[in-house]
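> Next one to model:
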Amino acid sequence: MQTTTARPLILLALALAFAACGGGGSSPTAPQPTAVLTLTANPTSATGEPCTVCGPLVGEKRVTTDLTAGESAGVGVVASELGMQLRLDSGELLVDAGYTGAGLTQLAGTTRIAPGGQLLLPDAGPHYPGARAGETGNLTYTLRGTDDNGHAVSATVVVRVTT
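This is a model prediction of the structure:
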């Protein structure tokens, strides 16, 4: 009789020990996918002109293009910054500016890029001193954000400009 009573207790103890060691639990969590962000410009070259949108900026000019941000991995993104650097062919950094927060929302209407979706950033570009008109260089746009799985993502496009 002792053997019959001991057997269920031993089986119960083994089952508890097996469960405590993680046996029979769920499998490890797979890494979460990262969004793939793209940024394109249309047109890919631009010429500066007086700004008629931003109010009385006497002597200032502005160079702009329409940007399209896209996501192609099926993971949404919240954009946090659109950085803009205008570097002249001489190597001089003429402008280092950007849109963040409310400015980015005002430009695009939202900061959210849906999974597999696009976000238009129309007429995006910096101001610069009008006295620098006629110089050439590259305007580099960099869109930064965080995807729905917490990964930092970014995309860059370069536009050829004449100030």
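> so where's this structure shaky on pLDDT?
1-27 (pLDDT under 70).
> Now do the helices in it.
Along the chain, the segments classed as helices by DSSP state H run 2-20, 101-108.
> Please identify the nearest residue in space to residue 132, excluding sequence neighbours.
The spatially closest residue to residue 132, leaving aside those adjacent along the chain, is residue 163, at 5.1 Å (Cβ to Cβ, 6 or more residues apart in numbering). Quick note: C-beta positions are derived from backbone N, CA and C, even for glycine.
> Next one: that neighbour from residue 61, what distance?
Distance, residue 163 to residue 61, using Cβ to Cβ, to the nearest Å: 7 Å.
> hang on, isn't residue 152 packed against residue 80?
No - using Cβ atoms under 8 Å, residue 152 makes no contact with residue 80, being 9.1 Å away.
> And the two? Which one has more around it.
Neighbour count, other Cβ atoms under 10 Å: between residue 152 and residue 80, residue 80 has more, with 16 against 11.
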